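Asks: Build me a structure from this.
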Amino acid sequence: MAEELAAGERYEDHGYVLVDGLGRALNGRQLRERAYTVMAENSLRRVRLYDARASCLTYLANNGVPDHLLARWAGHSDVRTTNRWYVKPDVEDLRPAADTWGGLASAPAPAHEANVRCGSVSG
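Replies: Down below sits the predicted model:
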């Protein structure tokens, strides 16, 4: 609001959330620079915005947000794009599969029948 008042008639109100002092949408470089500044000011680990976007979409998916809403939130017209490139399984999502493999390695060996012999075909 302060920037809009300071710019007066030069301010371009397009309804964007992230804008420069004249209301113009920020480009990718400007978004990255500002995001990295916010991360540094708040002692946050520096992450690429692409990765942060994927993390946010994964978080929403893991907390029950339906696929069609995730796609809409991401600006995708196809749900498959969102799921393929942005929603990533985390360690906890993979745990059931890891537990299954662990069970295979720790399961007792099957008992052999008495009349089955190991060795060559000829005996």
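
Asks: ok, how many other residues are close to residue 34?
Replies: Using other Cβ atoms under 10 Å, residue 34 has 13 neighbouring residues. (Each C-beta comes from the backbone N, C-alpha and C, glycine too.)

Asks: ok, now residue 56?
Replies: 14.

Asks: cool, and residue 57?
Replies: Counted with other Cβ under 10 Å, the neighbours of residue 57 add up to 22.

Asks: so it touches residue 73, yeah?
Replies: Yes - the pair residue 57 / residue 73 is scored as a contact, 7.2 Å apart, by Cβ atoms under 8 Å.

Asks: what about this protein, any weak spots by pLDDT?
Replies: Residue ranges of the chain with pLDDT under 70: 105, 107-123.

Asks: just the helices in it please.
Replies: For the chain, the helices defined by DSSP state H occupy 2-7, 28-41, 49-62, 67-74, 79-85, 91-106.

Asks: now the ones you listed in TSV, with distance to residue 14?
Replies: Formatted as TSV, the helices of the chain follow (distance: least, Cβ to Cβ, whole Å):
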stretch	distance to residue 14
helix 2-7	12
helix 28-41	15
helix 49-62	21
helix 67-74	20
helix 79-85	25
helix 91-106	38
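
Asks: Out of the ones you listed, the one nearest residue 22 is which?
Replies: Residue 22 lies closest, by Cβ to Cβ, to one member of the helices of the chain: helix 2-7, at 5.2 Å.

Asks: Against residue 37, how distant is residue 43?
Replies: From residue 43 across to residue 37, the span is 12 Å (Cβ to Cβ, to the nearest Å).

Asks: Mind checking which of those two has more residues around it?
Replies: residue 37 (10 against 6).

Asks: what's that one in contact with, if anything?
Replies: Taking Cβ atoms under 8 Å, 6 or more residues apart in numbering as the criterion, residue 37 is in contact with no other residue.

Asks: Residue 65 too?
Replies: Residues near residue 65 by Cβ under 8 Å, 6+ apart: residue 73.
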